[in-house]
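1. Fold the stuff below for me.
(chains A and B)
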Amino acid sequence: MDKLTVITGVGVPLKRTNVDTDQIIPAEFLKRVTKTGFEDALFQRWRQDPEFVLNQPAFAQGTVLIAGLDFGTGSSREHAVWALRDYGFQAVIAPRFADIFRGNSGKQGLLTAVVPESVVEAIWAELDAAPGTEVTVNLVDRTVTCGSVISPFDIDDYTRWRLMEGLDDIGLTLRHEAAITEFETHRESWRPTTLPAR
Amino acid sequence: MNDSAPRTLAQKVWDAHRVVTGTNGEPDLIYIDLHLVHEVTSPQAFDGLRQAGRPVRRPDLTIATEDHNTPTLNITAQIADPVSRTQIETLRANAAEFGIRLHSLGDIEQGIVHVVGPQLGLTQPGITVVCGDSHTSTHGAFGAMAFGIGTSEVEHVLATQTLPLKPFKTMAINVEGTLRPGVSAKDIILAVIAKIGTGGGQGYVLEFRGSAIRALSMDGRMTICNMSIEAGARAGMVAPDDTTFAYLKGRAHAPHGAEWDAAVEYWRTLHTDEGAQFDAEVFIDADALEPFVTWGTNPGQGVSLSDNVPNPADITDPNERAAAERALEYMGLTAGQPMKSIPVDVVFMGSCTNSRIEDLRTFASIIKGKKLADGVQLLVVPGSARVRIEAEAEGIDTIVEEFGGEWRFAGCSMCLGMNPDQLTPGQRSASTSNRNFEGRQGKGGRTHLVSPQVAAATAIRGTLSSPWDLENGAN
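-> Below you'll find the predicted structure:
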């Protein structure tokens, strides 16, 4: 994973709440067995509408998405993160994210920044006034900047550190392999096993 | 931690699985007892293992089944959609390569992953369960801590049998009283989601408590925990009790003999201690609950079936009002219209929320001897091959077919648009599944989430209905 510090790019206002992962990527695109090439599937249903924000030339090349409350609800499909990433998004700003989506984002280097609803609305207003305005998400000092709007954002220390260092989770966990093996020696014998099949 | 300090059920399970305690803001490392795998969210995880040259650490704690892509008709024929077929074949190849037990289409243990785990007795109190599927919360009905994960985490668990996790907050959902006839577990959870919202549970494990929860069967408790994710919670839990133990006893992977006794002794300690503090509490009056139904495009947009379609103008929050307006437009509904005046094209009885034997029995008892409303299609899809066989032994297949419905093979079916069972644009369903998102059941499809009781009454009348609307009164 690449190291992340500061992201600057065109901000895309997605003025909707409860954007579930079925809208981010519909289920028919989940049949693939690869991990890339999902850019065309992103918001596929909504992109049928010529008025949809990504169909407007000023926003089509956006890399920072600014969405309403409860972004990424529903299905655990990591494909939602892959689709955002493949389209070119590097960060999503919202007042609240669904837990699983936020976890998945952290694994794939997609920065999720939590700001108050008032900040989201202020950024939307900036982008309405001047479509194509860039938004900066600074992971080092934890700030979001767009035009005259500047706000701190929330992200947990551990995810921030991992993103800034570009670290692989499995590699980090395997530092504790001895502790895992030790834990396994104390597991009660009656705990379930799938093998042998009974 | 002081072992004598009062703890919640969730805290007890967490503490028992902590391999490494996180310091300096690092997460804890939590051991995973059971990893359920299906075809959709696993191929990229297995690829990652191959690229890194890593084995599956504990194939004996891992089990796979085919459910999301599988057809529910002609299951012995080759899967028609080549992309779906490739995904199923990829799972078969991966299971063989990494030594993982797999129940394929046609196998007696095949079915929806969240129906298969409990029926095999693999889902047990106090264990940790994960799966690359958000409805893994289902397994919390046994007092397990069970939650959905993404594909990166699937790879992580395959490689290490652990996950780095920050502790969750805890929320008590107290449901006291007695459900009236015709009101079910599904109505409890739909009412909870309408009350706290689709983000109300974000960051929490929900513990469902109170006399109405204690009175539920395991199938009912699974329905409730299943939809905890629709309130934004990672997991839902119910403390295990004699109902739980009776369900487990004798199942293939439940403990036997002296091990059973040791397990039950431990399981009886898995409850929230007197004096333990929850981070939040919610109260639901079971006596007052009515059959519930959703009107919008997220599971929090629900009302009692006797109510009218809400008027967005009555909603003060501008974002919520805009969401309601968009939902009504998508759903083709008018503010103020009685919910019971809404006609449906399809009734779907199935999904990991409501496809277990008790759900099918309830549904069959209401439709028995009656006729499906004109112009309505009914799909009845058992959650697993075993549920199907059990239902057929009781004659439920015959009741469904004589009623005019279609009796199908096990799978996720019309819960999500990944297999041949889908709504066509503009079609409206009454569905016992868990998500009414735009296009969830097929592009342009309109979904009303309901209980098996409401699904049955709706199939008879052709408009959204409860058992209370049937001639012979409540079921």
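2. Chain neighbours aside, what residue packs nearest to B:Gln441?
-> In space, and not counting its chain neighbours, B:Gln441 is closest to B:Leu423: 4.6 Å by CB to CB, 6 or more residues apart in numbering or on different chains. To be clear about C-beta, it is placed using only N, CA and C from the backbone, and glycine gets the same treatment.
3. Which residues of the stretch 251-400 of chain B lie near chain A?
-> Residues of the stretch 251-400 of chain B lying close to chain A (CB under 8 Å from any CB of the partner chain) are B:252-255, B:259-260, B:262-263, B:266, B:298, B:300, B:319-320, B:322-323, B:326.
4. at 6 Å what do you get?
-> Within reach of chain A by CB under 6 Å from any CB of the partner chain, the stretch 251-400 of chain B has these residues: B:252-253, B:255, B:259, B:262-263, B:298, B:319, B:323.
5. Let me have those residues in TSV, extended by secondary structure and pLDDT.
-> Shown next, in TSV, are those (DSSP: H, G, I helix; E, B strand; the rest coil; pLDDT from 0 to 100):
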residue	secondary structure	pLDDT
B:Ala252	coil	97
B:His253	coil	98
B:Pro255	coil	97
B:Glu259	helix	97
B:Ala262	helix	97
B:Ala263	helix	98
B:Asn298	coil	97
B:Asn319	helix	89
B:Ala323	helix	95
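6. tell me which of the residues you listed is nearest to B:Gly442?
-> Comparing those against B:Gly442 with CB to CB places B:Asn298 closest, at 17.5 Å.
7. Send me the lengthiest strand in chain A as CSV with only the CA atoms.
-> Ranked by number of residues, the top strand in chain A under DSSP state E is strand A:6-14. C-alpha atoms of strand A:6-14 as CSV (Å, rounded to 0.1, in the frame of the first residue of the first chain):
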residue,chain,number,x,y,z
VAL,A,6,-1.8,14.8,1.8
ILE,A,7,-4.6,14.4,-0.8
THR,A,8,-5.6,17.3,-3.0
GLY,A,9,-8.2,16.9,-5.8
VAL,A,10,-11.5,18.0,-7.2
GLY,A,11,-14.2,17.7,-4.7
VAL,A,12,-17.4,15.9,-5.7
PRO,A,13,-20.6,16.8,-3.7
LEU,A,14,-22.8,13.7,-3.2
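8. follow-up on the earlier one: if I look at the residue nearest to B:Gln441, how far off is A:Arg45?
-> 14 Å (CB to CB, to the nearest Å).
9. These two - which one has more neighbours?
-> More neighbours surround B:Leu423 than the other of B:Leu423 and A:Arg45, with 24 against 15 (other CB atoms under 10 Å in any protein chain shown).
10. B:Lys443 is in contact with that one, correct?
-> No - counting by CB atoms under 6 Å, B:Leu423 stays clear of B:Lys443, with 8.2 Å between them.
11. Is it possible to mark the buried ones in the residues of the stretch 251-400 of chain B next to chain A?
-> Those of those that meet the buried threshold are B:253, B:255, B:263, B:298, B:319, B:323, by 16 or more other CB atoms under 10 Å in any protein chain shown.
12. Report the two members of those residues separated by the largest distance.
-> Maximum pairwise distance among these (CB to CB): 50.4 Å, between B:Pro255 and B:Asn319.
13. A:Ile151 - how many residues pack around it?
-> Slight slip there: residue A:151 is Ser, not Ile. A:Ser151 has 18 nearby residues by other CB under 10 Å.
14. For it, list the residues it contacts.
-> A:115, A:119, A:144 (CB atoms under 6 Å, 6 or more residues apart in numbering or on different chains).
15. what helix or strand does it sit in?
-> For A:Ser151, the host element (DSSP states H and E) is strand A:149-152.
16. Would you mind identifying the next helix or strand past that strand?
-> Later in the chain than strand A:149-152, the nearest helix or strand by DSSP H and E is helix A:157-165.
17. And the contacts of whatever helix or strand B:Ile189 lives in?
-> Using DSSP H and E, B:Ile189 sits within helix B:185-196. With CB under 6 Å, 6+ apart as the test, helix B:185-196 has contacts from B:173, B:175, B:216, B:220, B:223-224, B:227, B:230-231, B:289, B:291-292, B:299-300, B:302, B:451.
18. Which other helices and strands does the helix or strand that comes right after it contact?
-> Using DSSP H and E, the helix or strand that directly follows helix B:185-196 along the chain is strand B:204-209. Under the contact definition 3 or more CB pairs under 6 Å, 6 or more residues apart in numbering or on different chains; DSSP states H and E, strand B:204-209 sits against strand B:169-176, strand B:235-237.
19. what lines up beside strand B:204-209 in the sheet?
-> Counting by DSSP bridges, the strands paired with strand B:204-209 are strand B:169-176 (parallel), strand B:235-237 (parallel).
20. With mean neighbour count and distance to B:Ala16 as added columns, please give those in a markdown table.
-> A markdown table is the format used below for the strands paired with strand B:204-209 (neighbours: other CB atoms under 10 Å in any protein chain shown; distance: least, CB to CB, whole Å):
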| stretch | mean neighbour count | distance to B:Ala16 |
| --- | --- | --- |
| strand B:169-176 | 22 | 16 |
| strand B:235-237 | 31 | 14 |
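21. Output the ones you listed in TSV, with distance to A:Met1 and mean pLDDT appended to each entry.
-> Listed next are these as TSV, based on distance: least, CB to CB, whole Å; pLDDT from 0 to 100:
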stretch	distance to A:Met1	mean pLDDT
strand B:169-176	28	98
strand B:235-237	27	98
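22. Can you redo the ones you listed as a markdown table, where the extra columns are distance to A:Leu84?
-> Output for the strands paired with strand B:204-209, formatted as a markdown table (distance: least, CB to CB, whole Å):
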| stretch | distance to A:Leu84 |
| --- | --- |
| strand B:169-176 | 27 |
| strand B:235-237 | 25 |
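23. quick revisit: so which of the helices and strands packed on strand B:204-209 gets nearest B:Asp133?
-> B:Asp133 lies closest to strand B:235-237 among the helices and strands packed on strand B:204-209, at 13.0 Å (CB to CB).
24. how about the helices in chain A?
-> A:21-24, A:79-87, A:99-108, A:117-129, A:157-165, A:169-174, A:177-185 (DSSP state H).
25. now the strands for the stretch 351-475 of chain B?
-> B:377-380, B:406-407, B:428-431, B:446-449 (DSSP state E, counting those that start in this stretch).
26. Redo these as JSON lines? Include mean pLDDT and mean neighbour count.
-> Below are the strands of the stretch 351-475 of chain B laid out as JSON lines (pLDDT from 0 to 100; neighbours: other CB atoms under 10 Å in any protein chain shown):
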{"stretch": "strand B:377-380", "mean pLDDT": "98", "mean neighbour count": "24"}
{"stretch": "strand B:406-407", "mean pLDDT": "98", "mean neighbour count": "18"}
{"stretch": "strand B:428-431", "mean pLDDT": "98", "mean neighbour count": "28"}
{"stretch": "strand B:446-449", "mean pLDDT": "98", "mean neighbour count": "28"}
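27. Same list, those, but as TSV with distance to B:Gly199 please.
-> Formatted as TSV, the strands of the stretch 351-475 of chain B follow (distance: least, CB to CB, whole Å):
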stretch	distance to B:Gly199
strand B:377-380	31
strand B:406-407	37
strand B:428-431	23
strand B:446-449	18
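28. So for A:Arg102, which of those strands sits nearest?
-> Of all those, strand B:446-449 sits nearest to A:Arg102, with 25.0 Å by CB to CB.
29. so what does that closest one touch, helix or strand wise?
-> The contact analysis (3+ CB pairs under 6 Å, 6+ apart) places strand B:446-449 against strand B:292-294, strand B:428-431.
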